[in-house]
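Colleague: Need the 3D shape of this:
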Amino acid sequence: MSKYVAAIDQGTTSTRCILFDRQGNIVSVGQKEHEQIYPKPGWVEHNPDEIWKNTLEVIALARIKASITAADVAAIGITNQRETTVVWNRRTGKPYHNALVWQDTRTGELMARFEREGGIDRFRATTGLPLATYFSGLKLKWLLDHVDGLRADAEKGDALFGNMDTYLIWNLTGGARSSGSRGGIHVTDVTNASRTQLMNLRTLQWDESMLNAFDIPRAMLPAIKSSSEVYGHVQSDALPGVPIAGALGDQHAALVGQACFEPGMAKNTYGTGCFLVMNTGDELQLSEKGLLTTIAYKFGDQPVQYALEGSIAIAGALVQWVRDNLGLIEKSSDIEKLAQSVEDNGGTYFVPAFSGLYAPYWRNDARGVIAGLTRYVTKGHIARAVLEATAYQTVDVVNAMQQDSGIELKSLRVDGGMVANQMLMQFQSDMLDAQVVAPAVAETTALGAAYAAGLAVGYWKDLDDLRKNWAVAQTWNPAMQQEDRTRLYKGWQKAVTKSFGWEE
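Modeller: Numbers count the residues shown, from 1 in each chain. Below you'll find the predicted structure:
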């Protein structure tokens with residue numbers, strides 16, 4: 001029997017291949033970063049060709065490190081940066097344009113037009129999502145409207161659309177059609193489809209009214225599948241013949257990797273952005289507090305599971321900005337020591353609305369501000385305000401989630417790179433007045449993709465197998481007085497209002 005399951009984690013800044021064993025332990029990792037392209041303020045792109053080449057390279061690296069062959073791998077699961085939009089030619093495999101990254105705001109005018117015509121929530125009942133620059137549908141419309149020849153090719157069925165999961169599956173399963181090859185398989189899973197603003201949350205199919213509203217040809221869309229089933233087999237030399245059997249958007253994968261399988265269980269991923277997801281079971285709950293209704297996961301022919309999500313655009317990216325743009329620190333991990341050089345934030349708050357504010361505000365007119373500055377403030381206070389911003393934004397989302405769901409959060413499962421920051425995690429527990437728990441296996445996103453693939457091929461038997469693998473690495477408990485918590489959060493809420501209305 002095969003020893004391992006492979007996960008391809010195609011993220012915002014890098015692509016990784018991680019091999020996991022039956023206990024969910026990491027066996028080997030291959031990783032490579034890709035270029036971040038900024039053609040104009042607010043525009044963010046990736047080169048799909050570069051990401052595809054990197055994917056092959058990281059698979060090879062993971063294989064070499066573990067000294068394995070394809071026969072040792074039971075299945076491959078894919079997890080990916082969501083909403084990042086790519087269009088390519090079915091016959092040549094060549095992209096028509098760089099991928100538009102989820103952070104990209106070039107669709108702002110399009111969004112404003114749709115909002116004027118019917119309000120920010122005009123599509124929420126169908127898709128669970130407000131109008132925002134965030135989702136794939138408007139990005140795809142922008143490409144169709146601006147790239148020469150793309151719309152004509154799309155209507156003929158020659159141009160294909162997908163998020164990064166679809167693009168990688170298509171390439172891995174054959175890519176451009178050649179003699180003796182039927183070409184790549186064009187599919188996505190329900191979690192990624194739910195982030196396009198084109199899928200009906202109830203039918204789990206592309207919604208005709210959304211395609212008409214955004215003027216998108218159905219012929220270019222992938223087939224929607226469950227998150228855990230065999231989509232096809234690898235045709236390249238990377239892992240020849242291995243089934244690709246799982247796909248989950250990154251935050252859904254982290255929910256699965258954290259074994260949040262019961263309604264009310266929630267996880268927060270602290271990465272480039274911050275993404276808090278709560279499982280709401282097989283009941284679809286439309287948010288009244290600025291959250292997204294989305295798919296948690298769907299395993300095979302089992303009922304779909306829904307979730308509420310709060311998406312925060314800038315979390316770890318703010319630390320990178322302080323490092324790269326201000327030069328206050330040499331490496332990201334230095335932020336904690338600098339922040340610990342002061343006792344508190346000195347009255348300073350940093351609202352990182354670099355591309356607007358996501359949940360629960362959804363203010364595309366907001367821009368970043370540092371508020372409360374006095375002559376007393378040092379770079380240590382600014383560093384502290386940078387870390388605290390992530391915790392405050394999480395509190396905003398948790399408050400909205402508790403109001404929407406009626407469930408009080410007793411414990412928050414956390415993952416992502418910023419979890420290594422002890423000061424941030426303690427402050428998060430203090431501000432939430434709740435326990436914060438980190439798992440033994442930190443790579444929960446990749447692990448979730450591996451779980452989905454492994455379940456599909458019988459490598460893991462059922463959810464109980466996955467629950468057994470989850471173990472606690474560290475717990476943080478609240479230790480702050482309520483009056484301090486209230487005072488600090490009141491300052492944050494005031495600072496947030498100062499970021500509104502900056503962009504006309």
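Colleague: buried ones in the longest helix along the chain?
Modeller: Using DSSP state H to define each element, the chain has its longest helix at helix 379-405. Buried residues in helix 379-405, counting neighbours by 16 or more other C-beta atoms under 10 Å, are found at 380-401, 404-405. The way it works is simple: take the backbone N, C-alpha and C, and place the C-beta from them, glycine included.
Colleague: That one - what's its average pLDDT?
Modeller: For helix 379-405, the mean pLDDT works out to 94.
Colleague: do the same with stretch 419-436
Modeller: The pLDDT scores in stretch 419-436 average 95.
Colleague: Check stretch 206-214 too.
Modeller: Averaging pLDDT along stretch 206-214 yields 96.
Colleague: ok, now stretch 184-200?
Modeller: Stretch 184-200 comes out with an average pLDDT of 96.
Colleague: re the thing from before, the next helix or strand after the longest helix of the chain: how far from the chain's middle?
Modeller: Following helix 379-405 in sequence order, the next helix or strand is strand 411-415 (DSSP states H and E). Offset of strand 411-415 from its chain centre (C-alpha atoms, centre = their mean, to the nearest Å): 16 Å.
Colleague: Past strand 411-415, which element shows up next along the chain?
Modeller: With elements assigned by DSSP H and E, the helix or strand that comes after strand 411-415 is helix 422-432.
Colleague: Also compute the angle for that next one relative to helix 379-405, please.
Modeller: For helix 422-432 against helix 379-405, the angle by axes from the mean of the first three to the mean of the last three C-alpha atoms, to 10 degrees is 40 degrees.
Colleague: Can you give the contact residues for helix 422-432?
Modeller: Helix 422-432 is contacted from outside by 270, 336, 339-340, 387-388, 390-392, 394-395, 398, 409, 412, 414, 418-419, 435-436, 438, 474, 476-480, 485, 488-489, using C-beta atoms under 8 Å, 6 or more residues apart in numbering.
Colleague: which residues are contacting stretch 115-122?
Modeller: With C-beta under 8 Å, 6+ apart as the test, stretch 115-122 has contacts from Phe114, Pro130, Leu131, Trp362.
Colleague: switch to 7 Å and redo it
Modeller: Pro130, Leu131, Trp362 (C-beta atoms under 7 Å, 6 or more residues apart in numbering).
Colleague: Also stretch 137-155?
Modeller: 85, 87, 89, 96-97, 100, 104, 106-107, 110-111, 159, 161, 196-198, 210, 214-217, 219-220.
Colleague: can you check stretch 237-244 too?
Modeller: Residues from elsewhere that reach stretch 237-244, judged by C-beta under 7 Å, 6+ apart: 6, 56, 59-60, 70, 73, 75-76, 78, 169, 172-173, 230-234, 457.
Colleague: 6 Å instead?
Modeller: Leu56, Ile59, Ala70, Val73, Ala75, Ile76, Ile169, Val230, Tyr231, Gly232, His233, Val234 (C-beta atoms under 6 Å, 6 or more residues apart in numbering).
Colleague: what's the span of that stretch from first residue to last?
Modeller: 14 Å (C-alpha to C-alpha, to the nearest Å).
Colleague: cool, and stretch 7-27?
Modeller: Using C-alpha to C-alpha, the end-to-end distance of stretch 7-27 comes out at 11 Å.
Colleague: State the mean pLDDT of that stretch.
Modeller: For stretch 7-27, mean pLDDT rounds to 94.
Colleague: is it fair to say Lys40 lies in a strand?
Modeller: No: if the criterion is DSSP: H, G, I helix; E, B strand; the rest coil, then Lys40 is coil and not within a strand.
Colleague: quick one: contacts for it?
Modeller: Contacts of Lys40 (C-beta under 6 Å, 6+ apart): none.
Colleague: hmm, 10 Å instead?
Modeller: Residues near Lys40 by C-beta atoms under 10 Å, 6 or more residues apart in numbering: Asp104, Thr105, Arg106.
Colleague: Let's see if you can find the most crowded of these.
Modeller: Ranked by neighbour count (other C-beta atoms under 10 Å), the contacts of Lys40 have Asp104 at the top, with 26 neighbours.
Colleague: That one touches Met111, doesn't it?
Modeller: No: Asp104 lies out of contact with Met111 (C-beta atoms under 10 Å); the separation is 11.9 Å.
Colleague: Mutual contacts of those two, please.
Modeller: Thr133, Tyr134.
Colleague: domains of this protein?
Modeller: Here the domain parsing of the chain from the TED database is 4-251, 259-439+471-503.
Colleague: Minimum distance to Tyr451: which of those has it?
Modeller: domain 4-251 (7.3 Å; C-beta to C-beta).
Colleague: Need the three-state assignment for Leu488.
Modeller: Following three-state DSSP, the label given to Leu488 is helix.
Colleague: Would you check how far apart the closest residue to it other than its chain neighbours and Ile312 are?
Modeller: Excluding its sequence neighbours, the residue lying closest to Leu488 (C-beta to C-beta, 6 or more residues apart in numbering) is Met431, at 7.1 Å. Distance, Met431 to Ile312, using C-beta to C-beta, to the nearest Å: 14 Å.
Colleague: So if I had to pick from these two, which one is more boxed in?
Modeller: Applying other C-beta under 10 Å to Met431 and Ile312 shows that Ile312 carries more neighbours, namely 25 against 21.
Colleague: what bridges to that one?
Modeller: In this entry, Ile312 is beta-bridged to Cys274, by DSSP bridges.
Colleague: ok, it touching Pro352?
Modeller: Yes: taking C-beta under 10 Å as the definition, Ile312 is a contact partner of Pro352 at 8.8 Å.
Colleague: Contacts only, for Val457.
Modeller: When contacts are counted by C-beta under 10 Å, 6+ apart, Val457 touches Ser2, Val5, Ala74, Ala75, Ser228, Glu229, Val230, Val242, Pro243, Ala245, Gly246.
Colleague: what's the answer for Val73, then?
Modeller: The contact partners of Val73, taken as C-beta under 10 Å, 6+ apart, are 2-6, 19, 59, 62-63, 66, 234, 239, 241-243, 453, 459.
Colleague: now Lys298
Modeller: Contacts of Lys298 (C-beta under 10 Å, 6+ apart): 189-191, 194, 204, 224-229, 248, 252, 304-306, 452.
Colleague: how about Ala74, secondary structure?
Modeller: Classification of Ala74 using three-state DSSP returns strand.
Colleague: now it: how far from Ala471?
Modeller: 22 Å.
Colleague: Which one's more surrounded, these two?
Modeller: The residue with more neighbours, out of Ala74 and Ala471, is Ala74; 23 against 10, by other C-beta under 10 Å.
Colleague: distance of Thr203 from Asp282?
Modeller: 15 Å.
Colleague: Surely Thr12 is in contact with Ala317?
Modeller: Yes: with contact defined as C-beta under 10 Å, Thr12 and Ala317 form a contacting pair (8.8 Å).
Colleague: Overlap in contacts, those two.
Modeller: Gln103, Gly271, Thr272, Gly273.
Colleague: and those, which two are the farthest apart?
Modeller: Gln103 and Gly271 (12.2 Å).
Colleague: okay, and the common contacts of those two?
Modeller: Counting by C-beta under 10 Å, 6+ apart, the contacts common to Gln103 and Gly271 are Thr12, Gln81, Ala317.
Colleague: who wins for most neighbours among these?
Modeller: Ranked by neighbour count (other C-beta under 10 Å), the shared contacts of Gln103 and Gly271 have Gln81 at the top, with 26 neighbours.
Colleague: ok, that one - contacts?
Modeller: Neighbours of Gln81 in contact, by C-beta under 10 Å, 6+ apart: 9-13, 15, 46, 51, 99, 101-103, 163-165, 249-251, 271-273.
Colleague: Put the buried members of those into a ChimeraX selection.
Modeller: Of these, the buried ones go into a single ChimeraX selection, burial set by 16+ other C-beta under 10 Å:
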select :9,10,11,12,15,46,51,99,101,102,103,163,164,165,249,250,251,271,272,273
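Colleague: Just the ones in helices from the contacts of Gln81, please.
Modeller: Secondary structure assignment by DSSP H places Ile51, Met164, Asp165, Asp250, Gln251 of the contacts of Gln81 in helices.
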